[in-house]
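1. the sequence isn't on hand, but the structure is:
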């Protein structure tokens, strides 16, 4: 197995991390540590375990649900 297969695609991870930071600022959960952790856990669960390709609008929707309901429906 070569390095690319082991490490995955770091470019995509970096882009998604930046999108996550932007979404947290836009939805204003960046000040609440508990909501940040819940959001990150949910995004990681959905993207890795469920194989979902999350775009900016999907991330925004997840952040808004977490902010309003204080929980996520994905079981992550």
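-> Perfect, thanks for sending it. Remember, predicted model here, so these are calculated numbers, not experimental data.
2. who's in contact with stretch 52-64?
-> Stretch 52-64 is contacted by residues 16, 19-20, 22-24, 26-27, 29, 39, 42-43, 46-47, 72, 74 when judged by CB atoms under 8 Å, 6 or more residues apart in numbering. (C-beta placed from N, C-alpha, C; glycine too.)
3. among those, which ones are buried?
-> Buried residues within these, counting neighbours by 16 or more other CB atoms under 10 Å: 16, 19-20, 23-24, 27, 29, 39, 42-43, 46-47, 72.
4. so which of these are in helices?
-> Using DSSP state H, the subset of these located in helices is 16, 19, 20, 23, 24, 39, 42, 43.
5. which residue is the nearest non-sequential neighbour of residue 30?
-> Counting by CB to CB, 6 or more residues apart in numbering, residue 30 lies nearest to residue 24, which is 4.3 Å off, once chain neighbours are set aside.
6. these two touch, right, the one you found and residue 36?
-> Yes. Shown here, residue 24 and residue 36 form a contact pair, counting by CB atoms under 8 Å, at 6.2 Å.
7. overlap in contacts, those two.
-> Common neighbours of residue 24 and residue 36 (CB under 8 Å, 6+ apart) are residue 30.
8. with adjacent residues omitted, what lies nearest to the residue nearest the centre of the chain?
-> With distances taken as CA atoms, centre = their mean, residue 43 lies nearest the centre of the chain, 3.0 Å away. Nearest in space to residue 43, with sequence neighbours left out and distances taken as CB to CB, 6+ apart, is residue 20 at 6.0 Å.
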